[in-house]
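Novice: kindly return the folded structure for what I paste below:
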Amino acid sequence: MICAYIAFTARGLALAQRLAAACPGSVARGGADGVPLADWTARQFAQSDALIFVGAAGIAVRAIAPHCRSKAADPAVVVLDEGGQFAIPLLSGHLGGANDLARWLAAVCGAVPVITTATDGRGVFAVDEWARHQNCAVAEPERIKKISGALLAGEPVRYAADWPIQGTPPAGVMPTDTADCADFALTLTPRGEALHVVPRIAALGIGCKRGTSAEKLEAVFAAFCAEHRLALQGIMQAASIDLKQDEPGLAAFCHAHGWPMDFYTADELRTAPGNFTASNFVQSVTGVDNVCERAAVLASGGELLLPKWAHDGVTFAVACAPFAPDWRWKNDEP
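Specialist: Sure, this is the predicted structure:
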């Protein structure tokens, strides 16, 4: 977690430095003798996972107000008084981890964590916090309130999962074998009206003709995702053969999605375990019978999920890293 601290008094600065020693991050001084607060907040909203204000809550609220966008996008924001008596998560308590961060910082300085989210106050399962602890994204953040509201009202919620979940489900949470009946689902391929929790475990293997533009890759990728109902949030990296390292369209496509790109030689691709869709043409051009499937498997370290899919000179495949979810949904570390 990339943290950024700001304080406004000498006493507050000393506390910020103490906290940063335990939970590392940059430390700035605001106020008349320090950095402009508006500039600091704008910069850290874009760059950091968590903003920690040591000062009045009102200062923090006014500073972050112009930048708040959504549950899924906002960083964690925590405020502590300069005396270190209280630690209050202001924004992104579950998905961004502000609640856990507040608890952790409170433990460091002896403060009282002031957690105001209803599920925490009642000790009720929070699906968005569970998703974060399982390294998953929430595809439809607007549906979280339906799950939380039902549990807070004492009503059961049902889940479906494409992986076995270790441990005992929390109170009020029960499995269903019918995905259409699920209130939330753990899956890479969402469908229906459930809230979809998407594991960040997928690698996208890519093959393409030389000179393929980023625009074409994007259009074909959209069709690929639509046909397979693939959740974009689950893809964490992309991979291809080293012959594609100098392809500007491929580089731009991956950069636009924020995916790191791995490249493999033909010899390396041949070492990928599994059965793959062989192509004599691809073999003659690249020296290996399949690029996208093999690259995806090597990049993920796991198994093929979606085999080679070809359209208009572009091929995609998806493989998944090993994934062992459990019912852990909160702890005291950020």
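Novice: tell me where the longest helix sits in this structure.
Specialist: helix 214-228 (DSSP state H).
Novice: any buried residues in it, and which?
Specialist: Residues of helix 214-228 classed as buried by neighbour count (16 or more other CB atoms under 10 Å): 214, 216-217, 220-221, 224-225. C-betas here are computed from N, CA, C, even on glycine.
Novice: neighbouring strands for the following helix or strand past it, and are they parallel or not?
Specialist: The helix or strand immediately downstream of helix 214-228 is strand 235-241, counting by DSSP states H and E. Taking DSSP bridges as the criterion, strand 235-241 forms sheet pairs with strand 202-208 (parallel), strand 261-264 (parallel).
Novice: now tabulate these in a markdown table and tack on mean pLDDT, distance to residue 60 and mean neighbour count.
Specialist: Formatted as a markdown table, the strands paired with strand 235-241 follow (pLDDT from 0 to 100; distance: least, CB to CB, whole Å; neighbours: other CB atoms under 10 Å):
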| stretch | mean pLDDT | distance to residue 60 | mean neighbour count |
| --- | --- | --- | --- |
| strand 202-208 | 96 | 36 | 27 |
| strand 261-264 | 96 | 38 | 19 |
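Novice: residue 328 is nearest to which of those?
Specialist: Between residue 328 and the strands paired with strand 235-241, the shortest gap by CB to CB is with strand 202-208, which sits at 21.7 Å.
Novice: circling back: list the contacts of the longest helix of the chain.
Specialist: The contact list for helix 214-228 (CB atoms under 8 Å, 6 or more residues apart in numbering) reads 189, 206, 208, 230, 232, 248-250, 252-253, 256, 306, 309, 311-314, 316, 318.
Novice: who's in contact with residue 30?
Specialist: So residue 30 contacts 6-8, 36-37, 40, 55 (CB under 8 Å, 6+ apart).
Novice: so it versus residue 16, what's the distance?
Specialist: Separation of residue 30 from residue 16 (CB to CB, to the nearest Å) stands at 10 Å.
Novice: try residue 95
Specialist: Residue 95 is 24 Å from residue 16, by CB to CB.
Novice: who has more neighbours out of these two?
Specialist: Counted by other CB atoms under 10 Å, residue 95 and residue 16 do not tie: residue 16 has more neighbours, with 26 against 21.
Novice: now residue 137: which helix or strand?
Specialist: Residue 137 belongs to strand 136-138, assigned by DSSP H and E.
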